[in-house]
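Undergrad: Give the three-dimensional model of this entry:
(chains A and B)
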Amino acid sequence: DGGITQSPKYLFRKEGQNVTLSCEQNLNHDAMYWYRQDPGQGLRLIYYSQIVNDFQKGDIAEGYSVSREKKESFPLTVTSAQKNPTAFYLCATTPNGVKTEAFFGQGTRLTVV
Amino acid sequence: GESVGLHLPTLSVQEGDNSIINCAYSNSASDYFIWYKQESGKGPQFIIDIRSNMDKRQGQRVTVLLNKTVKHLSLQIAATQPGDSAVYFCAETLPGGTSYGKLTFGQGTILTVHP
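TA: I've put the predicted structure just below:
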């Protein structure tokens, strides 16, 4: 089953902890993205990466960090600096140079306990 | 900043009816638009897209209309089925760059199809 794999599906975090969400893709897409979705809301861009070893902040990057050491992987760390981390997190990919839709993973639901 | 918005947050229809979901966008520079369907607890699924040099595009049971004059986008679903029940988002992207996944999303419309 190819595509984009996000793990875990559900994640619980204690106050003050950092947690890392995984996103792996086998679509050979160059660009990867992290979006956050709050209940009843659209998606908002956290970070994106167009090529390996390079990434840019999106609209709501504060309290988050990413890395892009491999083309296939774009992990997102939710740090303790993110004051309201409870949300649904979605990873997406696109090929570079082609105007086509973004492909999404199935999401990770993060809850602070 | 500018963003995409939706006129109707909820839409209820009977099975077999046609559905129309509307979206207003405010950034006249946006040149690519996508409609996504999202079921509860899942990631968005692509439905159909349209570029700004087009007014209409048809897919299987779906049609997207783009009116650049009034910055309006609509999704028409023919013969709506219970499996169409979901949240529908429109998204826009600006020209430039090489990556088109930097999307600006609207709030979404909840479509409920009654048997």
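Undergrad: Any idea how many residues pack against residue A:25?
TA: 21 (other CB atoms under 10 Å in any protein chain shown). Bear in mind the C-beta positions are built from the backbone N, C-alpha and C, glycine included.
Undergrad: so who does it touch?
TA: Residue A:25 makes contact with A:3, A:4, A:5, A:32, A:72, A:73, A:74, A:91, A:93, A:105 under the criterion CB atoms under 8 Å, 6 or more residues apart in numbering or on different chains.
Undergrad: shaky segments in chain B?
TA: Flagging of chain B using pLDDT under 70 yields the residue ranges B:1-8, B:97-99.
Undergrad: 80 instead, please
TA: Applying pLDDT under 80 to chain B flags residues B:1-8, B:26, B:95-101.
Undergrad: near chain A, which residues of it show up?
TA: Contact residues, chain B versus chain A (CB under 8 Å from any CB of the partner chain): B:1, B:4, B:32, B:34, B:36, B:41-46, B:49, B:51, B:89, B:91, B:97-103, B:105-108.
Undergrad: among the residues you listed, which ones are buried?
TA: Burial by neighbour count, judged by 16 or more other CB atoms under 10 Å in any protein chain shown, picks out B:4, B:32, B:34, B:36, B:43-44, B:49, B:89, B:91, B:99-103, B:105-108 from the residues of chain B next to chain A.
Undergrad: List the ones among those residues that fall in strands.
TA: Counted as lying in strands by DSSP state E, out of these, are B:4, B:32, B:34, B:36, B:49, B:89, B:91, B:105.
Undergrad: Bridged to the last one, which residues?
TA: In this case it means residue B:105. residue B:91 (DSSP bridges).
Undergrad: how much space between it and residue B:59?
TA: Distance, residue B:105 to residue B:59, by CB to CB, to the nearest Å: 20 Å.
Undergrad: Please apply the same query to residue A:22.
TA: Residue A:22 sits 32 Å away from residue B:59, going by CB to CB.
Undergrad: So for these two, which sits in the more crowded spot?
TA: Set side by side, residue A:22 and residue B:59 show unequal neighbour counts under other CB under 10 Å, the larger going to residue A:22 at 16 against 12.
Undergrad: Double-check that that one belongs to a strand.
TA: Yes - assessed with DSSP: H, G, I helix; E, B strand; the rest coil, residue A:22 lies in a strand.
Undergrad: Go ahead and confirm residue A:46 touches residue A:74.
TA: No - taking contacts as CB atoms under 8 Å, residue A:46 lies outside contact range of residue A:74: 10.8 Å.
Undergrad: so what sits against both of the two?
TA: Contacts common to residue A:46 and residue A:74, judged by CB under 8 Å, 6+ apart, are A:34, A:66.
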